[in-house]
Structures are given as structure tokens and as C-alpha cells.
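Undergrad: need the 3D shape of this:
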Amino acid sequence: MLKKMTTVLLCTLLGNTLYAGDDIDQSKPFIGLELGYATVQGSAYNESGVFPVYEPDYEGSDIEYGIRIGAQREEWRTTLSFNYFDSDKDDRKQNYEKVLASLDYFFLYSSQEKSQFQPFLGINLGYVNYESTQDIDMDGFIYGAQAGVLFHVTDTIDIDLLYRYSLSSATQDDRNAELDHIGSIVFGINYIY
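TA: Next up, the predicted model:
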């Protein structure tokens, strides 16, 4: 598991470096924190393995915490984030750790004036490890999209609010289980240095 997450992290950092290329002096690096409310949905299959049966043990909502690093320009932002989710509601314990690389495009960008509010659309790709009661422990790739708005508080502080939706390929064959998707409403704060 650690090897896979390290590989994803290194590939993402290499991709961000290649993306910056000759324009690295125009990019503004940042570091930040994330706080969100996540909903996790998975499924298990009945004994015949034909029809999906959604069980309560594989769905839940709770607080998600995270850190992020990245770089942004006037029109684009690349971010690498690590998020942790831990829920212990109704005697069901479930948690996940995920590493996500995302690319956001500020679609109402104007080169003539800098707006304090910048809406954006983006894509994300990463890796997740999900654990739950009843011996569920699976990991796999996740991918999806996000949309939100960025607010420039000062020259060095940005905050954003976004909705992130990611599909998953994580499965555990011996339990006939799979992690379907994770949806999160995320508040982030970035320090631009």
C-alpha cells in the first residue's frame, strides 16, 4: 500500500514539475489545509454475485481532513492533496486515506483585471485505501471531477469552496465488495509563498 501511494505521489510531483516547465517563475506555489464533509458509497454482492445489494456498512458521511500543496497561475491550478476520513457512527467504523492530484481551470479568467472571485472546473486522479468493519480493506485508483469558487483574500491568502466527486476502482474479491464513489464538499485555505 505504501509503495503504491509513494509511486502516485512521485508521479504527481514529476507531472507538476513538467507542467510548470519554463514558466515556473510565473507560477505561484502554495500550501494549504482542507476541511470537508464526505460521503462514501460502496456495495457488496449477494451470494450469487449477480445483483448488487447496497448495505449500510458501506455507506456513510463524516468530516474529512486534508493538506495540500500546489502551484497556480492566472488560469490554471495544480494541486496535490492528502485526505483522511474516519467515521464511527452507529457502531460502524470506516476510514480512508487518499492522495489526489487535481488540475483546475479558472473559466471566467480575465487578463485585464484580477477578480476576487474565480469559479473553476477541474479533474482529479489519485489513490485511495478504504477500511471498514467486517474485514473490509481495499485500495485502488480514484478519478473524477470538481467545481468550485476561489476567493482571493490577500496577495498571500486564498480560500476556496468546492464539490469533489470521485469514482473508485477499489475492490476486495474475497468479500465481494467494492468502493463505488466518494463525494465531498471541501473548504480550503491556501498560503501563497
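
Undergrad: pull up the pairing partners for the strand or helix carrying Ile142, direction included.
TA: Using DSSP states H and E, Ile142 sits in strand 136-152. In the sheet, strand 136-152 lines up against strand 117-132 (antiparallel), strand 157-168 (antiparallel) (DSSP bridges).

Undergrad: could you dump those into a markdown table with distance to Lys28 added?
TA: Every C-beta, even on glycine, is put in place using the N, C-alpha and C of the backbone. Shown next, in a markdown table, are those (distance: least, Cβ to Cβ, whole Å):
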| stretch | distance to Lys28 |
| --- | --- |
| strand 117-132 | 13 |
| strand 157-168 | 9 |
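
Undergrad: Glu64: which of those strands is closest?
TA: Of all these, strand 157-168 sits nearest to Glu64, with 9.6 Å by Cβ to Cβ.

Undergrad: pLDDT below threshold where in the protein?
TA: Within the chain, the stretches with pLDDT under 70 are 1-25, 44-58, 90-91, 109-114, 134.

Undergrad: just give me the residue right at the centre of the protein.
TA: The chain has Leu100 as the residue nearest its centroid, 4.7 Å off, counting by Cα atoms, centre = their mean.

Undergrad: wait, is that residue part of a strand?
TA: Yes: counting by DSSP: H, G, I helix; E, B strand; the rest coil, Leu100 falls inside a strand.

Undergrad: which other helices and strands contact the helix or strand hosting Ile189?
TA: Element membership of Ile189 [criterion: DSSP H and E] is strand 177-192. Helices and strands touching strand 177-192, by 3 or more Cβ pairs under 8 Å, 6 or more residues apart in numbering; DSSP states H and E, are strand 28-45, strand 59-72, strand 92-106, strand 117-132, strand 136-152, strand 157-168, strand 171-172.

Undergrad: redo these as CSV? Include distance to Glu178.
TA: Shown next, in CSV, are those (distance: least, Cβ to Cβ, whole Å):
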stretch, distance to Glu178
strand 28-45, 6
strand 59-72, 12
strand 92-106, 14
strand 117-132, 10
strand 136-152, 8
strand 157-168, 8
strand 171-172, 4
